[in-house]
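Peer 1: Model the structure of this input:
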Amino acid sequence: ASHSPSRSPQRPETLGTQPGAPLASRPRATSVTTQSTRSSSESRHPPRLLRAELETTKPTSTQAVTVQANSEKALTQFGQRSNPNGLCITSCPRSVPATGHEDWYTLKGLDHLDICPSCMSQIAHSRYSNFFIPSQAKTPSRPIRCSFSSPWTRLAWHQMIKRGHDSLELLYQMTRPPPGTRPCPGRTATEQHWHRIYDPRIKDYLPGFHVCTSCARNIRILMPAHRETLEPDTDVRERICDFQTTSPRFMKFIDLLDDAVERAEANPSRPRPDLHEFLSYARRKTALRDCRLDRQIVTKWHYLPALPELCICEDCFDEVVWPFARHQRPIARSIPPTRRALPGDGTGVKQEASCQLYSMRMRAKFREAVATNDFEMLKSAVLRRVEAERRFRDRREELLKAQSKGYDCEIELRKAVDEWKRWE
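Peer 2: So this is what the prediction gives:
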């Protein structure tokens, strides 16, 4: 069972009469991200979600300091034209810790959370609107990242709205782990006790699938019906976490667990959620190497002979390309199912490359090109992204060299990262 989070002196308040009633429909957990990774029956094409189009007006530093006097006035700056329930949150522009911002917001009773104006504009008029207040002034030298850039925070927020919670307790538990809780190691192999999932088909734990203690705790908080799904391993092993939030698989795993909960709720005779679909997907994915995102490596790739710049790892090929190739879509079928070395440049040196199809933006471009059979559109998108990636790597290397000589390059590095995220 999950540990009870330590309590601060100020507990989350209970929702009284709030603007907006609980939702009549049951939206999916995938709505918390810019785009969903949920499959359709034919091509596993994620549904197009409504993007928030609210304008963000940044308060001045004076507003940030005078919290009580200006809280109601500051909140009225956010429009109510779309996303009134706060379910659909687009990509956060402050996912990297940075200094120099004085326009943060927070929640009553959860003042450890820092919310940027962009995320605030999309959740301000949810049923929890009365809890939002501008933050107190921050220490200028302390880098801060937006709390709502965390996928787990967004999932907790979505679950609160979806389930019609009367308090912020779920968000509090998710964002306040007990003292001593080790954070998810992500892609770094670490020695610890892991959690595993029992696979009844083989009458053993699912091979190659491990969840760290932190992610197991988050899953149980988010979906209490899965409190017995993840079983702790008594042995200490060196592994990486399969629920790392940077993986393109993460939201699909969450979707499938959420589906199992909804099926169990629709059929009370089942004592536990049916994990058949989750296990089927996890078995397939554990046989493939996880996408390395924008890390450049020397390996074999899937790629179009006419467009070798479109390097695709085996994980993204399985997730994005293969469903279309199976249904005889021309562009997808043109990508060989066998990975190959990239064409040489005549020097005999093996080329480093990174996957070009892990981001939601590029996956959407690929799906659009396949649906319209528009190779030139795909080629243009890929070549522009490759060029943007080259510029980013060159600029980062230049700034890191300057930083090693004692120059302060934090602002320029942040600008370079922000520019790359626009293309990534």
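Peer 1: Any stretches of this protein with poor pLDDT?
Peer 2: Residues of the chain that meet the criterion pLDDT under 70 lie in 1-88, 345-350.
Peer 1: The top helix by length along it packs against which elements?
Peer 2: Determined from DSSP state H, the single longest helix within the chain is helix 375-404. Counting contacts by 3 or more CB pairs under 8 Å, 6 or more residues apart in numbering; DSSP states H and E, helix 375-404 is packed against strand 307-312, helix 360-372, helix 410-423. Where C-beta positions appear, they are placed from N, C-alpha and C, glycine not excepted.
Peer 1: Tell me the strands beside the first one, with direction?
Peer 2: For strand 307-312, sheet partners with direction are given as strand 302-304 (antiparallel), following DSSP bridges.
Peer 1: chain center to the strand it pairs with: distance?
Peer 2: Centroid displacement of strand 302-304 relative to its chain, using CA atoms, centre = their mean, to the nearest Å, is 26 Å.
Peer 1: again with stretch 313-322
Peer 2: 19 Å.
Peer 1: for it, how far is the first residue from the last?
Peer 2: Terminal residues of stretch 313-322 lie 12 Å apart, using CA to CA, to the nearest Å.
Peer 1: Now do the strands in the stretch 151-300 of the chain.
Peer 2: 190-199, 204-205, 230-239 (DSSP state E, counting those that start in this stretch).
Peer 1: Could you export those strands as a markdown table, including mean neighbour count?
Peer 2: Converted to a markdown table, the strands of the stretch 151-300 of the chain look like this (neighbours: other CB atoms under 10 Å):
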| stretch | mean neighbour count |
| --- | --- |
| strand 190-199 | 17 |
| strand 204-205 | 13 |
| strand 230-239 | 12 |
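Peer 1: The residue nearest in space to the middle of the chain and residue 219, how far apart?
Peer 2: By CA atoms, centre = their mean, the mean C-alpha position of the chain lies nearest to residue 151, the distance being 4.5 Å. Noted for residue 151: a distance of 12 Å to residue 219, by CB to CB, to the nearest Å.
Peer 1: Surely residue 138 forms part of a strand?
Peer 2: No: Residue 138 is assigned coil when assessed by DSSP: H, G, I helix; E, B strand; the rest coil, not a strand.
Peer 1: how about the spatially closest residue to residue 418 that is not a sequence neighbour, what does it touch?
Peer 2: In space, and not counting its chain neighbours, residue 418 is closest to residue 93: 7.1 Å by CB to CB, 6 or more residues apart in numbering. Taking CB atoms under 8 Å, 6 or more residues apart in numbering, we find residue 93 in contact with 116, 118, 418.
Peer 1: who wins for neighbours among the residues you listed?
Peer 2: residue 116 (23 neighbours; other CB atoms under 10 Å).
Peer 1: Please name the residues that touch it.
Peer 2: By CB under 8 Å, 6+ apart, the residues touching residue 116 are 92-94, 101, 103-105, 146, 148-149.
Peer 1: Could you do residue 289 as well?
Peer 2: Going by CB under 8 Å, 6+ apart, residue 289 touches 313-315.
Peer 1: my guess is residue 127 meets residue 157, correct?
Peer 2: No: in this structure, residue 127 is not within contact of residue 157 by CB atoms under 8 Å, at 11.2 Å.
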